[in-house]
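**Student:** Test case, fold it:
(one chain, ligands or ions: 2)
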Amino acid sequence: MAVFLTGDTHGELDMGKVLDFARCAQGVLTREDYLIILGDFGLVWSDPPSPKETERLDWLESCPWTTLFVDGNHENFDMLDALPTERWAGGVIQRVRPHVIHLMRGQTYAFGGHSFFVVGGAHSVDKEWRTPHRSWWPQEVPNDEERERITAAAAQVGAVDYVLTHCPPTGCYDRYRKRFQGFWGPSDEYTDWLEEHIEGAFAYKRWFYGHLHFDLPLDEPHTLLFGQVFDLDSTGLTDYAINMGACPDGTPHNYELGYDPPEPGQRHGRSFYLCSHCGKRLDR
Ligand SMILES: [Zn+2]
Ligand SMILES: [Zn+2]
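**Tutor:** Ligands and ions are numbered 1, 2, ... in the order given. Next up, the predicted model:
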């Protein structure tokens, strides 16, 4: 029984880490083990589902573990909202496949020997260029009624092991922005809402989130995940501890952000981390 967490998959676009994970999980993990995707799952997207989406969801279902996802901002909320709900692990869920499960906003769950409080959603920074109900959905952040319900649920929690969101609260977001100046835009009303209504509403050990497309363990107790798979129970199955933890001599990695400009003919360059102490390079 083990829990793993990773960041945005964006449908097929950033699914590579899950494919890598599947390679080492075969024959090791069971349905009682869980892989949590922290929003922008992106496989409930086309209506009707594209053959590629159907194939990938069927593939996830065929994996030996149980996949859980928090909703982000890049999801088709009209399709998600239409899915039936049921109770599972102490909270309300929706199933996309029998073992591909949507963890819903304001729910508390107990599975894998841990408890979790979940709040999905985030603002899309690119919504001006997107079409409502086709590539952008107003439900990407909770409406007032939902926020009231989530706040009331959070007030009942008392203590939980882990918080799972897609969007960071403002306090932690601003600390990251300070460290990587100029890289991220300003915080918004939803990060403020999370800061005001979820942060401090109950005790927790660690808060995991996605959305910013980086892996950053810098700001305990908040952990941002994207390309790495966090090994919550220290099974040793993933390289998270090696990549994000310490240099060979035991000193914590001191990652600086680097950027390779685009190769001729390519549109995008590549950002990476470089540890100034041991020289380890980690591509995003
Ligand atoms: Zn996002
Ligand atoms: Zn994303």
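**Student:** so how far is stretch 258-267 off the chain centroid?
**Tutor:** Chain-centre distance of stretch 258-267: 27 Å, with CA atoms, centre = their mean, to the nearest Å.
**Student:** now swap in stretch 194-209 and tell me
**Tutor:** 15 Å.
**Student:** Quick one: end-to-end length of that stretch, please.
**Tutor:** Stretch 194-209 has an end-to-end distance of 12 Å (CA to CA, to the nearest Å).
**Student:** ok, now stretch 208-222?
**Tutor:** Note: stretch 208-222 ends 6 Å apart using CA to CA.
**Student:** when you scan it, is anything in it near ligand 1?
**Tutor:** Yes. Stretch 208-222 reaches ligand 1 (CB under 5 Å from the ion) through H211. Just so you know, the C-beta spots here come from the backbone N, C-alpha and C atoms, and that holds for glycine as well.
**Student:** do the same with stretch 191-199
**Tutor:** No. Judged by CB under 5 Å from the ion, stretch 191-199 and ligand 1 are separated, with a smallest distance of 11.9 Å.
**Student:** Next up, phi/psi of the residue nearest to the spatial centre of the chain, please.
**Tutor:** Closest residue to the average C-alpha location of the chain: L38 at 1.7 Å, with CA atoms, centre = their mean. In terms of degrees, to the nearest 10, the main-chain angles of L38 are phi -90, psi 50.
**Student:** Residues of the stretch 1-150 of the chain that sit close to ligand 1?
**Tutor:** So the stretch 1-150 of the chain meets ligand 1 at 40, 72-73, 122 (CB under 5 Å from the ion).
**Student:** of these, list those near ligand 2.
**Tutor:** Within these, those near ligand 2 by CB under 5 Å from the ion are D40.
**Student:** of the residues of the stretch 1-150 of the chain next to ligand 1, closest to ligand 2?
**Tutor:** D40 (3.5 Å; CB to the ion).
**Student:** show me where this protein has helices.
**Tutor:** Using DSSP state H, the helices of the chain run over 16-25, 51-62, 77-82, 144-157, 170-179, 189-197, 240.
**Student:** So which bits of the stretch 151-284 of the chain are right by ligand 1?
**Tutor:** For the stretch 151-284 of the chain, the contact set with ligand 1 under CB under 5 Å from the ion comprises H211.
**Student:** if we can go back for a sec, lowest-confidence stretch among the helices of the chain?
**Tutor:** Among those, helix 170-179 carries the lowest mean pLDDT, a mean of 89.
**Student:** Check what contacts it and list those residues.
**Tutor:** Residues from elsewhere that reach helix 170-179 (CB atoms under 8 Å, 6 or more residues apart in numbering): 168, 183-184, 187, 191-192, 194-195, 199, 207, 212, 216, 218-219, 222, 224.
**Student:** Break the chain into its domains for me.
**Tutor:** Following automatic domain parsing, the chain resolves into domains at 3-237, 246-284.
**Student:** May I ask which two of the contacts of helix 170-179 are separated the most?
**Tutor:** Farthest-apart pair in the contacts of helix 170-179 is F183 and E199; separation 22.3 Å (CB to CB).
**Student:** Going by proximity to ligand 1, name the top residue of the protein.
**Tutor:** Counting by CB to the ion, the chain gets nearest to ligand 1 through H211 (3.8 Å).
**Student:** Setting aside sequence neighbours, what's the nearest residue to L212?
**Tutor:** Among residues not flanking L212 along the chain, L224 sits closest, at 5.7 Å (CB to CB, 6 or more residues apart in numbering).
**Student:** try S46
**Tutor:** E53 (5.9 Å).
**Student:** residues in contact with that neighbour?
**Tutor:** By CB under 8 Å, 6+ apart, E53 lies in contact with 11, 43-46.
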